[in-house]
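> Next comes the sequence, and after it the predicted model I'd like to discuss.
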Amino acid sequence: MLQAVDLNKSYGQYHALKNLNLTIQRGEIFCLLGQNGAGKTTTINLFLGFINATSGEARINGIVVKPEQQTTNKFLAYIPEVVNLYGNLSSLENLDFFSRLAGFRYSKKELEFFLTEVGLQSDAFDKRLAGYSKGMRQKVGIAIALAKNADVLFMDEPTSGLDPKATNEFTTIIHKLREEGKAILMATHDIFNAVNVGTTIGIMRQGELAHQIPAGDLNAIDLQKLYLETI
């Protein structure tokens, strides 16, 4: 579903991403670890088409993002660190609005189903998002991805600022999405959650993918040691 082929991004003499090659299949959760500036967000932005590659290709479902961004956008959903939704609208209203933007029209019952699928409590459906916690807003963002029928999900620091309960709920949702065959690329600083949720872990350093390891090959302590040695 996702493929980077000799992907590079430079800003003058600064190389934000250097010769990235990776492949992410259906049902795979690829967690990218690295310090700020290591290239994690640049990688995601190239797949989203937010920025242009200096050289190489970012492909989604076999299609090169540039110049086919309008086509590749149909396959993906993006959940940033801060989920930008309308605080004066309820979760149902936000979900309905963004679903319509993607070309889908759902009944209220169908919208409620998506929100239930991501674990949002039913008594919050009609409440304004301005009063939601970060974890609740994140669930609405994932519900929008489900309603859009996205095959690929991009997440940037999804567990940042979440308490342990919300992090555990997030992990449960992501495992369910994996079982449904979604391909997920996640940029994170959370080593322990990466081990719990990921199928593959990549460690980036100065724009390069320094390591790519099956998540089952390392426990959190070993991964932390490798990460600290790498950066």
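All right, it came through fine.

> quick one: the helices in this structure?
With DSSP state H as the criterion, the chain has helices at 40-48, 69-72, 91-101, 108-117, 134-147, 164-179, 191-197, 220-230.

> Show me what the fourth one is packed up against.
In this structure, helix 108-117 makes packing contacts with helix 91-101, helix 134-147, judged by 3 or more Cβ pairs under 8 Å, 6 or more residues apart in numbering; DSSP states H and E. Backbone N, C-alpha and C define where each C-beta goes, glycine included.

> Tell me how many other residues surround Thr23.
Number of residues near Thr23 (other Cβ atoms under 10 Å) recorded here: 15.

> Find the nearest non-adjacent residue to Ser90, please.
Spatially, and ignoring its direct neighbours in sequence, Ser90 is nearest to Asp126 (4.9 Å; Cβ to Cβ, 6 or more residues apart in numbering).

> The one you found: what's it in contact with?
Contacts for Asp126 (Cβ atoms under 8 Å, 6 or more residues apart in numbering) come out as Ser90, Ser91, Leu92.

> residues in contact with stretch 208-219?
18-22, 31, 39, 194-195, 198-204, 223, 226, 230.

> Quick check: PyMOL command selecting the buried ones in those residues.
Buried residues within the contacts of stretch 208-219, by 16 or more other Cβ atoms under 10 Å, are selected in PyMOL with:
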select buried, resi 18+20+22+31+39+194+195+198+199+200+201+202+203+204+223+226
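
> Go through the contacts of Asp126 and say which is closest to Leu76.
Leu76 lies nearest to Ser91 out of the contacts of Asp126, by Cβ to Cβ, at 21.4 Å.

> Now tabulate the helices of the chain in a markdown table and tack on distance to Pro214 and mean pLDDT.
Output for these, formatted as a markdown table (distance: least, Cβ to Cβ, whole Å; pLDDT from 0 to 100):
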| stretch | distance to Pro214 | mean pLDDT |
| --- | --- | --- |
| helix 40-48 | 19 | 94 |
| helix 69-72 | 27 | 87 |
| helix 91-101 | 35 | 94 |
| helix 108-117 | 28 | 93 |
| helix 134-147 | 25 | 88 |
| helix 164-179 | 14 | 87 |
| helix 191-197 | 11 | 89 |
| helix 220-230 | 11 | 91 |
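
> Could you dump the ones you listed into a markdown table and include distance to Gly56?
Below are the helices of the chain laid out as a markdown table (distance: least, Cβ to Cβ, whole Å):
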| stretch | distance to Gly56 |
| --- | --- |
| helix 40-48 | 9 |
| helix 69-72 | 16 |
| helix 91-101 | 30 |
| helix 108-117 | 36 |
| helix 134-147 | 26 |
| helix 164-179 | 27 |
| helix 191-197 | 25 |
| helix 220-230 | 23 |
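
> about what we covered before: show the backbone phi and psi for the residue nearest to Ser90.
Dihedral angles of Asp126 (phi, psi; degrees, to the nearest 10) stand at phi -100, psi 10.

> Surely Ala124 and Arg137 touch.
No: using Cβ atoms under 8 Å, Ala124 makes no contact with Arg137, being 10.6 Å away.

> Out of the helices of the chain, which gets nearest to Lys9?
It's helix 40-48; of these, that one is closest to Lys9 (Cβ to Cβ) at 5.4 Å.
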